[in-house]
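In: Sequence below, structure please.
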Amino acid sequence: YFWKSDGDGPFLDTVKKEEERVCSLRDRVRECLQDSLAPLQEYLTTYNELLDIVKLDKNDYIAEYAEEEHTTEEMKEEIRKHLKAKSKVTARIPYHCWVGNY
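Out: Have a look, this model is predicted:
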């Protein structure tokens, strides 16, 4: 009870973290959170094939490419290759996606 009749002041009953009901609710919340991660994990796997492209550091790539001597045709082909990869990435990434609570 919040107010004790004997005048000792206000008291509020609390629960202990070891109580069965508290443990059961905590376990349920934990399970629900873990279950809610499944759609997010599934969504993340769509990017596995694209990681090399997404992680490509353009400055490092340009520096390495500049050190090599390439013909104009080779450069055009490299540009085409990267534009194609960009199109692939753009096509794979959904504009909207339901990923559960997140």
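In: Below-threshold pLDDT in the chain: ranges please.
Out: Within the chain, the stretches with pLDDT under 70 are 1-12, 100, 102.
In: what ranges do the helices span in the chain?
Out: Along the chain, counting by DSSP state H, helices occupy 20-45, 51-54, 58-67, 72-92.
In: Would you tell me which of the ones you listed gets closest to residue 101?
Out: helix 20-45 (4.7 Å; C-beta to C-beta). Yep, even glycine has a C-beta here, placed from its N, CA and C like the rest.
In: would you turn the helices of the chain into CSV with distance to residue 101 and mean neighbour count?
Out: What follows is the helices of the chain, written out as CSV (distance: least, C-beta to C-beta, whole Å; neighbours: other C-beta atoms under 10 Å):
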stretch, distance to residue 101, mean neighbour count
helix 20-45, 5, 11
helix 51-54, 24, 10
helix 58-67, 34, 9
helix 72-92, 24, 11
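In: Can I get those helices in a markdown table including distance to residue 14?
Out: Shown next, in a markdown table, are these (distance: least, C-beta to C-beta, whole Å):
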| stretch | distance to residue 14 |
| --- | --- |
| helix 20-45 | 10 |
| helix 51-54 | 48 |
| helix 58-67 | 56 |
| helix 72-92 | 51 |
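In: what's the closest of those helices to residue 99?
Out: For residue 99, the closest of those is helix 20-45, at 4.7 Å, according to C-beta to C-beta.
In: And that closest one, how far out from the chain middle?
Out: Here helix 20-45 is found 15 Å from its chain centre; the criterion is C-alpha atoms, centre = their mean, to the nearest Å.
In: For the remainder of this discussion, apply numbering that starts at 277.
Out: Sure thing, new numbering starts at 277, so read that last one as helix 296-321.
In: Could you name the helices and strands sitting against that helix?
Out: Packing contacts for helix 296-321, counted by 3 or more C-beta pairs under 8 Å, 6 or more residues apart in numbering; DSSP states H and E, involve no helix or strand.
In: Understood, closing this out.
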